[in-house]
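Student: need a 3D model of the following:
(2 chains, ligands or ions: 1)
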Amino acid sequence: MTTQEFLISAPARGDRVLLGPPGPVPSAAGRFGEFGGRFVPETLIPALEELEAEFRTAWSSEPFRSEFAGLLESYAGRPTPVTECHRLSDRLGVRLLLKREDLTHTGSHKINNVLGQALLARRMGKQRVIAETGAGQHGVATATAAALFGLDCVVFMGAVDVERQALNVFRMELLGAKVVSVSSGSATLKDAINDALRDWVATVESTHYCIGSVVGPHPYPWIVREFQRVVGEEAREQSRVILGGNDPDVVVACVGGGSNAIGTFAGFLDTRSRLVGVEAGGLGLESGKHGAALARGVPGVLHGARSLYLQDEHGQILEAHSISAGLDYPGVGPEHAELAASGRAEYHIATDEEALSGLVLLSQMEGIVPALEPAHAIGWLAREVGKKVPLGSTVVVTLSGRGDKDAEQVAQRLGAELNK
Amino acid sequence: MNLEKELRAKRDAGRKLLVPYVTGGLGGRWTDVVRAVADAGADAIEVGIPFSDPVMDGATIQEASQRALEIGATPAGIISQLETIDVHVPLVVMTYYNPVAHAGHERFANALKASGVDGAIVPDLPLDELGDWAVAADAADIETVLLAAPNTTDERLAAICARSRGFVYGVALMGVTGERDHLTKQAGAMGARCKAATDRPVLLGVGISNASQAVEAASSADGVIVGSALVRRLLDGGGPDEAAAFVAELRAGLDQSIG
Ligand SMILES: Cc1ncc(COP(=O)(O)O)c(C=O)c1O
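Tutor: Residues are numbered from 1 along each chain as shown, chains lettered A, B, ... in the order given. Now for the predicted structure:
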């Protein structure tokens, strides 16, 4: 056997994946400024303490980190490339780079976090994992990791989302997961999290709750950020190579709960790049039908964390609205609330229509069909060049997922127009 | 009224304590339900202030909360209606932390006091996060009842018992509220552990669904909280009479059990 053959068949050791050193640890009480915390029923406290201790040990242990990096490389397909968009850059008048999370196994950044949490579940000896899902991407990723690790998997999904993301429901079932349709409340992501928490209160001793974004009680926002920071670490180094050693002027990501955005931002916090999160503007902020918790939310407590939430004058949580199931959430992760408060990141919105036109634009100019979620980031950029984004800027956008899951929904909205 | 004093006195007199739960704002006659339940033998009454996302509640109380919200229930409205209820037993509100934080700790605590409420249960506000609410509640003389769960460590249980006011709420199973066919083994163990940890009254709640389960649970504690089984009767169209009949049944069972 030649050396070359040996190299080709050697197992991936994760050397190509840029994990970077662990990021800052939140305060003991799990606070990011005034946000975060652990507002949960007493029954969940022991599990959260166990998870925190387990993660603390694991995340500083070399064997855990290299196993994680190995999985990210050999299973998830990392590092994902950064693609320079020449045609769209010319059209818009900026230099646009995309961080291609759409090219990971299962088609979105969600897989990064899920592989890390599956490793933690195994370390804790938990045989069952549960998850919530909006767009279905996190559910698919969790079902995938559960199959890989031989774990039982139950995914909670709002009935509305079961309808609009039918393909992903089938994928989860194909992977051996059970999908529970949740019809309480607004029957979307918020309610799926409620039911996952209720299940967990009953099963916590044998079950790991694999939360899909930087939301929920401490230590989740911290853990999920750390498992997603690989996106930003890689993107920073890759874009420096393309940009002749410079950091991009602007870094943009869409924000549902905020995991792809926080993972991206984590790599650029110490640079001079502007950090921009794009929330779901839905039918427009004035319509009241949107998912813009940073733009219109007020401080409150939901799903275990103090953060910004859309709520009425009595403190009841409002239903969010977005064309994209993954952004259809009335809250946002606590670290984003803090980044907004400190001014380190800025948050803007793109409407349903702008997201759709962003999706078409990227498809037709670059041959890349984005998921509806990151299409918000593209739509925002297309709107803001020459305004919030000066002409000639260098811009990195995290393309958090691919558009296959949305094909049917987009066909319904656009099919007629495209056929004309 | 002082919740803990009342409950202690009754317990020390040899009575098993009964605390029914009623969802505030559920139907036009909910205040009559509270009165009827008081007359039927409750030792204190827990009134739920509905929240849009009640994660500690099973299907029955979720539905009751949603119905109440749909017909316009608000925290402020319920609290002010509580003022009109003149019963001879202490009133405790049960709600989630967001409506409390949204109103403001002091404002919420003071509003409760002004309406004659004695205690509060906030299940998503554990010991470690009590902070400002505890300060405001103590200042307004609102007793904050803390929950202990079957998987709570001994060390933490001691701290919970020490910080709880009014009584200690022992969660009788691993799970959310809702009726169950049987009492779990965890109920007896929970009662015994809490009793060994504190001299405050210890009530078991969550899942206790009928008189025989109430008797069984109360044998390891000072009494029980019964929620979903009562609320289901209200959701099924029952009013003050049906609620009172059920509570009387529970009362009779508990009274007989001590002979
Ligand atoms: C492709 C994609 N992007 C973004 C999101 C939003 O989540 P987050 O804000 O946590 O990245 C989702 C959620 O389902 C998603 O599937």
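
Student: tell me, how many residues neighbour the residue of the stretch 151-259 of chain B found nearest chain A?
Tutor: Closest approach between the stretch 151-259 of chain B and chain A, counting by C-beta to the nearest C-beta: residue B:175, at 3.7 Å. Placement of C-beta: from N, CA and C, glycine included. Using other C-beta atoms under 10 Å in any protein chain shown, residue B:175 has 24 other residues around it.

Student: next one: residue A:404
Tutor: Residue A:404 sits with 14 neighbouring residues when counted by other C-beta under 10 Å.

Student: how about the residues of the stretch 251-400 of chain A by the ligand?
Tutor: A:254-261, A:326-327, A:371, A:373-374, A:400 (C-beta under 6 Å from any ligand atom).

Student: quick one: which of the residues you listed is most hemmed in?
Tutor: If you count neighbours using other C-beta under 10 Å, the busiest of those is residue A:261, which has 37 neighbours.

Student: that one and chain B, how far apart?
Tutor: 24 Å (C-beta to the nearest C-beta, to the nearest Å).

Student: what's the helix or strand for that residue?
Tutor: helix A:259-266 (DSSP states H and E).

Student: what does that helix contact?
Tutor: Contacting residues not belonging to helix A:259-266 are listed as A:23, A:99, A:101, A:108-110, A:112-113, A:212-214, A:224-225, A:227-233, A:235, A:251, A:253-255, A:275, A:277, A:333, A:335-336, A:339, A:345, A:373-374, A:396, A:398, A:400 [C-beta atoms under 8 Å, 6 or more residues apart in numbering or on different chains].

Student: now do it, average pLDDT.
Tutor: Helix A:259-266 shows a mean pLDDT of 98.

Student: skip ahead from that helix and say which helix or strand is next.
Tutor: Using DSSP H and E, the helix or strand that follows helix A:259-266 in sequence is strand A:274-282.

Student: so which other helices or strands are in contact with that following strand?
Tutor: Using 3 or more C-beta pairs under 8 Å, 6 or more residues apart in numbering or on different chains; DSSP states H and E, the elements in contact with strand A:274-282 are strand A:250-254, helix A:259-266, helix A:293-296, strand A:345-351, helix A:352-366, helix A:372-384.

Student: pick out the residue of chain B closest to chain A.
Tutor: Going by C-beta to the nearest C-beta, chain A is nearest to residue B:102 of chain B, at 2.9 Å.

Student: any idea which helix or strand carries that residue?
Tutor: helix B:97-103.

Student: export the helix or strand following that helix as CSV, just CAs?
Tutor: Next helix or strand after helix B:97-103 toward the C-terminus (DSSP H and E): helix B:105-114. Below are the C-alpha coordinates for helix B:105-114, written out as CSV (Å, rounded to 0.1, in the frame of the first residue of the first chain):
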residue,chain,number,x,y,z
HIS,B,105,-42.1,42.5,41.6
GLU,B,106,-43.2,45.2,44.1
ARG,B,107,-46.3,46.1,42.1
PHE,B,108,-47.4,42.5,41.8
ALA,B,109,-46.7,41.7,45.5
ASN,B,110,-48.5,44.8,46.7
ALA,B,111,-51.5,44.1,44.4
LEU,B,112,-51.7,40.6,45.9
LYS,B,113,-51.6,41.9,49.4
ALA,B,114,-54.2,44.5,48.7
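
Student: what separates helix B:105-114 from the chain centre, distance-wise?
Tutor: 18 Å (C-alpha atoms, centre = their mean, to the nearest Å).

Student: what do you get for stretch B:165-183?
Tutor: 10 Å.
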